[in-house]
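Asks: Following is a predicted model, sequence given first.
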Amino acid sequence: MPNPSHFDVAIIGAGFSGLAAAIRLRQTGRDSFVIFERAAEVGGTWRDNVYPGCGCDVASPLYSFSFAPNPAWSRMFSGQPEILAYIQRTVSQFDLRPHIAFNTEIIRTEFSEATGRWTLTDRTGRVSTARVVLVAIGPLNRPARPRLPGLASFQGKTFHSSEWDTDYDLTGQRVGVIGTGASAIQFVPQIAPVVGQLSLFQRSAPWVLPRLDRAFSETEKTWFRRLPVLQWVQRELIYWRNELFGLVFFGNKKLTEQARAIAARHLARAIKDPNLRRKATPNYALGCKRVLISNDYYPALTRPNVELVTEGIREVTPTGIITDDGRERPLDALIFGTGFVASSFLIDLHISGRGGRSLFGEWQAGSAEAYRGTTVSGYPNMLVLVGPNTGLAHNSIIHIMESQVAYVLDYLRRLDAAGPGAYLDVRPAAQRAYNEQVQVQLRDTVWASGCQSWYQTAEGKNTTLLHTLTVKFRRSLKRVEMGDYELLRATRTAQATQVPAPTPA
């Protein structure tokens, strides 16, 4: 536990977003900060997900910090071990480890209107305080498990892809995989050659585009090291190509037809059997669910020991699965490739704001909302990194993180200018107006075309994805609009008094 226990900024989570904030704090001369990390190592989702074939759908030159380029990427799309190694190396490069409290899970975070500070309590009861709290836990940390009749009776091995049992030997086993999402299309091709039989239970076929992957030559790596501007140009080209593809989700019919044609050719070239091809063909608009990229998923489906099952699951028995057609498939192991619960932001953390309000309680009772995906009314001096409606389907989430961190830095400058004891609380009307506009814009996107996805709550509200292109979102976070905030000052009573806003810096 870093000392002292009173900090200017407390960051909860040592994944990409928390580390981005910490690095930028250091670069701007702010050293009074701590990162609380529940695990024994940094990395977040890239530490936890170790399933075979785990990797990123965004090219590595872009899926990395703009202020910490890596000229040594081995491939255009690097795997989990290399991404995690990059994160760990970056932590060492910026000397962040002295600021990280490992094995420290924050379970309570409470704001005091009297002091204008947050009190953070970890699971062991240790207490720290901070002027500003950055919640950097991310949405992909709670596995979604299917609710299937009889699942508890299954006598074989079960685990979720995000909790892969590396000690369990799949060789020769009869394996059932539930789900055909982003993780499944990565690990299915890896385990298919070693298992005895693989039954892949599909509820809806994914749209799959080719993965434009290749290895970087040693010559390229040398030039990237010698002339960093070359890697910057490469990064910019990848970013703008992805941003152009983003127009597919926002209603550009010409680009959508081109993407559909590419996906159809990709499927036809890999799967010649018309019956299997029909099963693997999506029946919803491209982009309504997550678009996946893979070169080996379709070929894996054509293996003689792999069966794509499209009949619904009637029940799980002690020895296998019975589908709606009455057929039972014996299984030794059952793997859930069913993704995460991303739309509800439910975690084992209590955040208490002004008047004792409960953030996750309010989000659970209604839906997750934030102002510009970053601040929440009633929770002063708290900023959420990768919060509601900041997720992406077309570009690098690290671009979103860095945009939000720039907003954090301006937020801190405003607090400094306001003087000791000041805190900022976004006005309810500003937050409400912003989120109403978000939902209006989302109505015209492909995500509102009728399919059911993990982007939405049970009521059908999209609380996950960004409503616009990332370039526009970055522009909206360039500076804090003080008119959208109340500037308050702490007192030693249970009240806070409004103070005049300082002249913007």
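Replies: Sure, I can see it. Numbering: from 1, shown residues only.
Asks: Show me what the longest strand anywhere in the chain is in contact with.
Replies: Scanning the chain for the strand with the most residues, using DSSP state E, yields strand 127-135. Residues outside strand 127-135 that contact it (C-beta atoms under 8 Å, 6 or more residues apart in numbering): 5-13, 18, 21, 34, 109, 115-122, 351, 381-385, 387, 408, 411-412, 415, 423. Where C-beta positions appear, they are placed from N, C-alpha and C, glycine not excepted.
Asks: Put the buried members of those residues into a PyMOL selection.
Replies: Buried members of the contacts of strand 127-135, defined by 16 or more other C-beta atoms under 10 Å, are picked up in PyMOL with:
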select buried, resi 7+8+9+10+11+12+13+18+21+34+109+115+116+117+118+119+120+122+351+381+382+383+384+385+387+408+411+412+415+423
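Asks: returning to that earlier point: would you mind listing the buried residues in the helix or strand just after the longest strand of the chain?
Replies: Next along the chain after strand 127-135, taking DSSP states H and E as the criterion, comes strand 157-160. Going by neighbour count (16+ other C-beta under 10 Å), the buried part of strand 157-160 is 157-158, 160.
Asks: need the longest helix for the chain.
Replies: Longest helix in the chain, counting residues (DSSP state H): helix 397-418.
Asks: before we move on, the earlier item: TSV please, covering the buried residues of strand 157-160 and showing distance to Q202 and pLDDT.
Replies: Formatted as TSV, the buried residues of strand 157-160 follow (distance: C-beta to C-beta, whole Å; pLDDT from 0 to 100):
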residue	distance to Q202	pLDDT
K157	21	97
T158	18	96
H160	17	95
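Asks: what about dumping the CA coordinates of the longest helix of the chain to CSV?
Replies: Extracted in CSV, the C-alpha atoms of helix 397-418 (Å, rounded to 0.1, in the frame of the first residue of the first chain):
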residue,chain,number,x,y,z
ILE,A,397,-11.2,2.0,-27.2
ILE,A,398,-7.8,3.4,-26.2
HIS,A,399,-8.7,6.5,-28.3
ILE,A,400,-11.8,6.9,-26.1
MET,A,401,-9.7,6.4,-23.0
GLU,A,402,-7.2,9.1,-24.0
SER,A,403,-10.0,11.5,-24.9
GLN,A,404,-11.5,11.0,-21.4
VAL,A,405,-8.1,11.4,-19.7
ALA,A,406,-7.6,14.8,-21.5
TYR,A,407,-11.0,15.8,-20.0
VAL,A,408,-9.8,14.6,-16.6
LEU,A,409,-6.7,16.8,-16.8
ASP,A,410,-8.8,19.9,-17.7
TYR,A,411,-11.2,19.0,-14.9
LEU,A,412,-8.3,19.0,-12.4
ARG,A,413,-7.0,22.3,-13.7
ARG,A,414,-10.5,23.8,-13.1
LEU,A,415,-10.5,22.5,-9.5
ASP,A,416,-7.0,23.9,-8.9
ALA,A,417,-8.2,27.3,-10.2
ALA,A,418,-11.2,27.2,-7.8
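Asks: who does E486 bridge with?
Replies: Beta-bridge pairing for E486 (DSSP bridges): D425.
Asks: Stretch 163-181: which residues count as buried?
Replies: Neighbour count says stretch 163-181 has 164, 170, 173-181 buried, by 16+ other C-beta under 10 Å.
Asks: quick one, helices of this structure?
Replies: Using DSSP H, the helices found in the chain span residues 16-27, 45-48, 80-93, 184-191, 218-226, 228-245, 253-270, 274-279, 297-301, 359-365, 397-418, 428-442, 470-476.
Asks: and the longest one with helix 228-245, angle?
Replies: Taking axes from the mean of the first three to the mean of the last three C-alpha atoms, to 10 degrees, one finds helix 397-418 and helix 228-245 inclined to each other by 100 degrees.
Asks: Which other helices and strands does helix 397-418 contact?
Replies: Packing contacts for helix 397-418, counted by 3 or more C-beta pairs under 8 Å, 6 or more residues apart in numbering; DSSP states H and E, involve helix 16-27, strand 127-135, strand 382-384, strand 422-426, helix 470-476.
Asks: Specify the stretch among these that is closest to C54.
Replies: Among the helices and strands packed on helix 397-418, helix 16-27 comes nearest to C54, with 15.1 Å by C-beta to C-beta.
Asks: Contacts for the closest one, please.
Replies: 9, 11-12, 31, 33, 35, 37, 42, 44, 46, 65, 67-68, 87, 90-91, 94-96, 99, 134, 136, 138, 385-386, 397-398, 401-402, 404-406, 408-409.
Asks: can you check stretch 248-263 too?
Replies: Stretch 248-263 is contacted from outside by 207-210, 244-245, 247, 286-287, 291, 393-394, 444-447, 468-469, using C-beta under 8 Å, 6+ apart.
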